[in-house]
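> pasted the sequence and its predicted model underneath.
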Amino acid sequence: MQSMLGKAANTDWFGPLVVVIAAVVVIGAIEPTFLSAFNIQVLLSAIAVNLVIALAQMIIIAIGQMNLSVGAIGGLVAIAFAGMMEVWGIPAPLALVLALAIGLAGGLANGFIVAKTGISAFIITLASLSFFKGLNLGITEAQPFYGVPDAVKAFGNTNMIGPIPWLVLPAAIAGLGIWYLLAKLRIGRQILAVGGNPHAAELSGISIFQTTVWAHGLSGLLAALGGVMVVARLQIGQPSIGDDWLILSFAAPVIGGAVLAGGHVSVAGTALGVVVVAIITQSLVLFHIDPFVVQVVLGALILWAVGINRWREVRVERRLRGAS
Amino acid sequence: MTKTAHAFRLLAAGLLLSAATTAAHAAEDTLVALVPAGPHPYFSAWEQAGKDAAKDFGLEGGDYRVPPKWELSQQNQLLESLVTQGYNGFLVFPGDPVGGNGVVSELVEQGAPVIAGGGCLKEPSDAAFCLGTDTGNSAYIGTQELIKRMGGKGKIAHFAGFLVDPNTQLRIDAVNKAAAETNGAVEVVQVIADIDAPEPAEEKINAYLAAHGNEVDGIVTTAWIPAVVSANALRKMGDKRIKMVGIDHDEVVLQAIKDGFVDGTMLQNPYGQGYIGTFALDRLRSGCTVKEDAPFASTALTDRFIDSGTTFVDASGVDNYVGAMQAITKEIMADFETNYLTCE
Amino acid sequence: MQPASSLPLGQPRSAGSPSFVRAGFLGGNEFGLIVLIVVFATLFTLATKGFASPFNLFTLGRTMGIDILIGFSMMVVIVSGGLNLAVGAIGVCAVMAAGWAMETFGLPWPLGLAVCLLVGAALGAVNGEAIVRSGVHSFIITLATMSIFFGGMVFLSRAEAFRELPPAIAAFGKLRLMGFLSPLLLVAVATALVLGWLYRFTSLGRRMLAAGASPKAAEVSGIRVDRTIVGCHILSGVLAALAGAMLTARHGAAIPSMAGHLGQDWLLPAFLAPVLGGTLLTGGKVSVLGTLLGAMLVSMLTNGLLLLRVGEFWVQAFLGLLLLTAVLLDLGRRRLLARHRIAV
């Protein structure tokens, strides 16, 4: 079982990696500006934010559920973060902590209700999506908060070393953290076990209740981090932050080989999924492709990834059958 | 924002003088709702405008009521609810030039006059008239100003708003028209649309400038958020070579004009729309009717159009942009009643 | 026989056979919803002016009719144990196709409606086939197709609305029977009767329920589960198209933005109604009446909250809380019933 997972994990990131390398080489050859420092910085900023968003969804996919409220939590945290700094004059570090706490609380609430009632996470997070978004609109009346301190703006728009923006730092920490959690920590293994087979997990003494609550809490925390990063990048607390996250948050993990039924996800695969989406979005602009086509391409991309995953699954099944 | 609000109060104070004479015979039960198509910074000036007009002319109220989403159904639902709540005059930015007509005629049937504000309804319509920016013309003038600053030749990138907003296509056409008139000296090399939201705007505009920034000579933006994002991007790149003409009066854009990263912006006059619209609705309720032979302008949508004004400001005029809007509003306000209305 | 209904929502059923018998009418979702509707209607009539006015009842009925249809379009796929995130995209694509056909070829409205429903059916079939053939969960497939359908529509139409439709369409949307009744509500009720008949009296309906309850058991008993699931998606497409057609009647134009970006604004009403009505997300159980009442309750609450002036922006937060409360109450009720039965 373990070795099979190991093998599958190997192939998880391999496909998207090949696509990424090929795309970079081809696009770079046609459009040398693609590899310019400024462009790399723009790409990395987009990737950093989107990775955190994708991880927020990935952790829930890992336990075999879905979290529709990722964007709504991110949006609520974003306006709370900016609002606290503008209206109450709270210093940025404290506002950051409070903002992350709001996200964590929102996620824990999701997890608690899902685990306590056994109602599908789809319905619960649909309801909480509406509630969080409603709070956001009720507080802001759809007007952005402009009073973002310069330090926060600088964090979202300046570089750490060379063309690498500061935003990459929290994304990298989040990515490594989630990887470590899933691979090495007990809670991570429990999340994957519950996602893989809840019944077996329960029999082996894992508390499904606690695991679900923690996974959702983690998801809320990551969504909150994403929201804060977007505020830093956009330099305003815009209420519509998070509205567009849903498709991306599923696309990247799925491209990265996550099994929607749960139990199997890949941080590296998800990261590469984010890179693929970012490169495609950017190359559409780069090659003057009709803006009307963008939606179609994104949708097709998801189908393509799903098709590949499905094909691989069938192959693994066949190999297993042959082995046994 | 607060700075802008203050500016609007100044603007209101200036207008009151000219309007004081008409305040005497207003209908005291007039309750006007100013309803945009959805939340958007452009309309925030309507809130103050409605309040000011209600105070200046002695109305029961002039309330700014926003549909929570930029969606026609939500706007319709809100309008239906508002008429049930007792609002009896409506300044509406139609969510769709045709789709808005159904609900507007129902409002008029309930005895509440309607003025289309900011954007027009397509005829035949029961709206009294349309008070808004001639969006095509504004984009055309803006592009001409840009071309002038580019020395009459070069490549332009155009960053536009929601594709589902019918004004977007008008603006794309207008920008292309202005470029075409240079006989090939100026070319619109890229139109990026559907980016009147911060995240996609940030992503696409930055990606475009990163890849093609050295190939374009000018940027024209015809929606609020692309203007803000482009201004920020040029500042971040430290680029003063690329010429840019923005739209509207966001602080970011105005500051970028002062600092030389942006060359100018096409002002619209949302405050004037809200103020004059509220005033006119009250007059219509107090027995005035729209003149048959009023000096209306014509647009693609309607032949009962009143231009609420659009003007180009650059670094020399940016400090006094409120004055520019005030001048236009005053001018329309001065003989509005004699020009457009027949009163008992 | 109540094995199915006593299970909490979202938990996989063990029983294989479809169940039409519920835990008595008084203990059922439907009764609870009727009580809620009566209570809130009384409350709103007393607390607001105008809730019971003919105009408000008319506009409320119109909104209800559309929301009911949207709820049905999701309900018929939930029955099969799947989801259809693309309902909004299909609805918009269908009416845009019909709008194009009517404007370009001058088709009369009955043919336009036929085109609309056919396109809906075709797109539903695409969803169904993709799901069945790939074996991938309908969530992901319809997430992708919602993007593809909507993007394709925007690409082909250039996001321009079709506004030159036969006037009969807009007239139908504005028609008032007896001063307060919208024919759109009657269309929804008629659709409910047809769906009720389908699930109760036809073998196709029973097959759909059986396939949703337990695909394996259904397969064993000779049902072609794949074909049945495709059938559910086709039905969903048709109902979404009908909802779109009704919305078009209300607006008098086929507008690309009428269901929001990617059609995702339909998702909340689409799930609210069936889930409030007690249709299990795991499939196999359906309550047509419950979905109808659920949609009516949601539309009524939205309308009432607007009239109470809780603030347009807070309505969505209330609806989210409502959905949450409803599923929790439902769960409590089911558990109570289960315990009660054991005690007896």
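Arrived safely. Note that the structure is predicted; figures quoted are calculated from it, not measured. Numbers count the residues shown, from 1 in each chain, chains lettered A, B, ... in the order given.

> so what's the residue count around residue A:173?
12 (other Cβ atoms under 10 Å in any protein chain shown). Any C-beta I mention is one placed from the backbone N, CA and C, and that applies to glycine too.

> confirm it sits in a helix?
Yes. Residue A:173: assigned to a helix according to DSSP: H, G, I helix; E, B strand; the rest coil.

> quick one: residue A:277 is in a helix?
Yes. Counting by three-state DSSP, residue A:277 is found in a helix.

> in contact with it, which residues?
Going by Cβ atoms under 8 Å, 6 or more residues apart in numbering or on different chains, residue A:277 touches A:50, A:248, A:251-252, A:255, A:298, A:301.

> could you single out the nearest of the residues you listed to residue B:124?
residue A:298 (40.2 Å; Cβ to Cβ).

> thought that closest one was touching residue A:251?
Yes. If you go by Cβ atoms under 8 Å, residue A:298 and residue A:251 touch, sitting 7.0 Å apart.

> could you check which of these two has the larger neighbour count?
More neighbours surround residue A:251 than the other of residue A:298 and residue A:251, with 28 against 20 (other Cβ under 10 Å).

> distance from the chain centre to the helix or strand containing residue C:336, please.
Assigned by DSSP states H and E, residue C:336 belongs to helix C:315-343. Relative to the chain's own centre, helix C:315-343 is displaced by 20 Å; criterion: Cα atoms, centre = their mean, to the nearest Å.

> so which elements touch it?
If contacts are counted by 3 or more Cβ pairs under 8 Å, 6 or more residues apart in numbering or on different chains; DSSP states H and E, helix C:315-343 sits against helix A:92-117, helix A:121-140, helix C:29-47, helix C:267-277, helix C:288-307.

> show me the one of the ones you listed that comes nearest chain B.
Of all the helices and strands packed on helix C:315-343, it is helix C:288-307 that lies closest to chain B, at 4.0 Å by Cβ to the nearest Cβ.

> that closest one packs against which elements?
Where contact means 3+ Cβ pairs under 8 Å, 6+ apart, helix C:288-307 is packed against helix B:72-84, helix C:29-47, helix C:54-78, helix C:183-201, helix C:267-277, helix C:315-343.

> near chain A, which residues of chain B show up?
Proximity of chain B to chain A is confined to B:1, B:38-39, B:41, B:44, B:66, B:68, B:163, B:189-194, B:197-200, B:202-204, B:206-214, B:232, B:236-237, B:251 under the rule Cβ under 8 Å from any Cβ of the partner chain.

> using CSV, lay out the helices and strands packed on helix C:288-307 together with mean neighbour count, distance to residue B:100 and mean pLDDT.
Output for the helices and strands packed on helix C:288-307, formatted as CSV (neighbours: other Cβ atoms under 10 Å in any protein chain shown; distance: least, Cβ to Cβ, whole Å; pLDDT from 0 to 100):
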stretch, mean neighbour count, distance to residue B:100, mean pLDDT
helix B:72-84, 24, 7, 90
helix C:29-47, 16, 27, 88
helix C:54-78, 27, 15, 94
helix C:183-201, 17, 18, 95
helix C:267-277, 27, 22, 86
helix C:315-343, 17, 21, 77
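
> distance to residue B:148 for those - can I get that in TSV?
Shown next, in TSV, are those (distance: least, Cβ to Cβ, whole Å):
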stretch	distance to residue B:148
helix B:72-84	38
helix C:29-47	59
helix C:54-78	50
helix C:183-201	53
helix C:267-277	48
helix C:315-343	47
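
> quick one: closest of those to residue A:306.
Nearest of the helices and strands packed on helix C:288-307 to residue A:306, taken as Cβ to Cβ: helix C:54-78 at 18.3 Å.

> got the angle for the closest one vs helix C:183-201?
Orientation check (axes from the mean of the first three to the mean of the last three Cα atoms, to 10 degrees): helix C:54-78 against helix C:183-201 gives 30 degrees.

> mind checking how far helix C:54-78 is from the chain centre?
8 Å.

> what packs against the helix or strand that comes right after it?
Remark: after helix C:54-78, the chain's next helix or strand is helix C:87-105, criterion DSSP H and E. Using 3+ Cβ pairs under 8 Å, 6+ apart, the elements in contact with helix C:87-105 are helix C:54-78, helix C:109-134, helix C:138-157, helix C:225-251, helix C:267-277.

> the shortest one near chain A anywhere?
Yes. In this structure, helix C:267-277 sits against chain A according to Cβ under 8 Å from any Cβ; the contacting residues are C:267-268, C:271, C:275.

> okay, that helix in PDB with CA atoms only?
C-alpha atoms of helix C:267-277 as PDB (Å, rounded to 0.1, in the frame of the first residue of the first chain):
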ATOM      1  CA  LEU C 267     -25.700  28.200  -7.500                       C
ATOM      2  CA  LEU C 268     -27.000  29.400  -4.200                       C
ATOM      3  CA  PRO C 269     -30.700  29.400  -5.100                       C
ATOM      4  CA  ALA C 270     -30.100  26.100  -7.000                       C
ATOM      5  CA  PHE C 271     -28.900  24.300  -3.900                       C
ATOM      6  CA  LEU C 272     -31.000  26.200  -1.300                       C
ATOM      7  CA  ALA C 273     -34.300  25.100  -2.600                       C
ATOM      8  CA  PRO C 274     -33.800  21.300  -2.900                       C
ATOM      9  CA  VAL C 275     -31.800  21.100   0.300                       C
ATOM     10  CA  LEU C 276     -34.300  23.100   2.300                       C
ATOM     11  CA  GLY C 277     -37.000  20.900   0.700                       C
END
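
> what about the helices in chain B?
B:2-19, B:44-57, B:72-84, B:101-109, B:135-149, B:166-180, B:198-212, B:224-237, B:251-258, B:270-285, B:321-334, B:336-340 (DSSP state H).

> so the fifth one versus helix B:166-180, what angle?
Think helix B:135-149. Computed by the same axes, to 10 degrees, the angle separating helix B:135-149 from helix B:166-180 equals 30 degrees.

> hmm, residue C:213 is touching residue C:286, no?
No. Between residue C:213 and residue C:286 there is no contact under Cβ under 8 Å: 10.4 Å.

> neighbour count: these two, which is higher?
residue C:286 (29 against 25).

> what parts of chain C come near chain B?
C:48-51, C:53, C:55-56, C:59, C:63, C:66, C:154, C:158-161, C:163, C:170, C:173-174, C:247, C:250-253, C:255-258, C:260, C:265, C:302-303, C:306-307, C:309, C:312-313, C:315-316.

> and chain B, what are its domain boundaries?
Chain B breaks down by automatic domain parsing into domains covering B:2-133+B:269-342, B:135-267.

> between those domains, which gets the lowest average pLDDT?
Here the lowest mean pLDDT among those goes to domain B:2-133+B:269-342, at a mean of 83.

> quick one: distance of it to the chain centre.
That offset, for domain B:2-133+B:269-342, works out to 11 Å (Cα atoms, centre = their mean).

> just stretch B:329-344 next, same as before
20 Å.

> and stretch B:223-240, by the same measure?
With Cα atoms, centre = their mean, you get 21 Å for stretch B:223-240.

> show me which of the residues of chain B next to chain A neighbour chain C.
Within those, those near chain C by Cβ under 8 Å from any Cβ are B:66, B:68, B:163.

> and which of those is nearest to chain A?
residue B:68 (5.4 Å).

> okay, now that closest one: neighbour count?
22.

> got it, and residue C:217?
Neighbours of residue C:217 (other Cβ under 10 Å): 16.

> can I get the helices and strands packed on helix C:87-105 in TSV with distance to residue B:107?
What follows is the helices and strands packed on helix C:87-105, written out as TSV (distance: least, Cβ to Cβ, whole Å):
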stretch	distance to residue B:107
helix C:54-78	10
helix C:109-134	25
helix C:138-157	29
helix C:225-251	14
helix C:267-277	24
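
> and of those helices, who's closest to residue A:208?
Taking these one by one with Cβ to Cβ, helix C:138-157 is closest: 21.7 Å.

> after the closest one comes which helix or strand?
Taking DSSP H and E, what comes next after helix C:138-157 is helix C:167-174.
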